[in-house]
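**Q** Quick one, what's the 3D model for this:
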Amino acid sequence: MPGLLRGVARTAVISGTATAVSNRVSRRQAGRWAQQEQRQPSYEQPAAAPPPAPAQPAAPSSTGDDMSNKIDQLKQLADLKAQGILTDEEMQAQKRRILG
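**A** Residues are numbered from 1 along each chain as shown. Down below sits the predicted model:
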């Protein structure tokens, strides 16, 4: 009988330990997911403003003005991407269009 009692006790300890570890891992993972959700914008919420229409290319009056316009447009694209409005693919397509 002592051998049977020892086996039951050992099983109970192993089972309890496994349950405790599993619960701890689950809580830690849930905490990590919550932190990620706080850092990343939610894609389920509607955007506050619709994405702006692509900028119309201005008639270049000089090379300096044209380059300045391109730089401004690229900065606007970078801001839209940072806000999560544009995807990487959309940004690359617009960038190619601006740079010609």
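**Q** and residue 83, what are its phi and psi?
**A** With angles defined as degrees, to the nearest 10, residue 83 sits at phi -80, psi -10.
**Q** can you tell me how far it sits from residue 97?
**A** Plainly put, residue 83 is 20 Å away from residue 97 if you go by Cβ to Cβ, to the nearest Å. In this view, the C-beta of every residue, glycine as well, is placed from N, C-alpha and C.
**Q** Kindly report the same for residue 38.
**A** 35 Å.
**Q** tell me, how many neighbours does residue 78 end up with?
**A** 13 (other Cβ atoms under 10 Å).
**Q** How about residue 87?
**A** The tally of other residues near residue 87 (other Cβ under 10 Å) stands at 10.
**Q** what about residue 38 and residue 97, which has more around it?
**A** A direct count of neighbours by other Cβ under 10 Å for residue 38 and residue 97 places residue 97 higher, at 12 against 8.
**Q** So which residues make contact with the host helix or strand of the more buried one?
**A** Using DSSP states H and E, residue 97 falls within helix 88-99. For helix 88-99, the external contacting residues (Cβ atoms under 8 Å, 6 or more residues apart in numbering) are 54, 70, 73, 74, 77, 78, 80, 81, 86.
**Q** Identify, from those residues, the entry nearest to residue 3.
**A** Nearest to residue 3, judged by Cβ to Cβ, of the contacts of helix 88-99 is residue 81 at 67.4 Å.
**Q** Not counting its neighbours along the chain, what's nearest the closest one?
**A** residue 91 (4.8 Å; Cβ to Cβ, 6 or more residues apart in numbering).
**Q** so what does the helix or strand containing residue 6 touch, helix or strand wise?
**A** Per DSSP H and E: residue 6 is located in helix 2-39. Contact here means 3 or more Cβ pairs under 8 Å, 6 or more residues apart in numbering; DSSP states H and E; on that basis helix 2-39 packs against no helix or strand.
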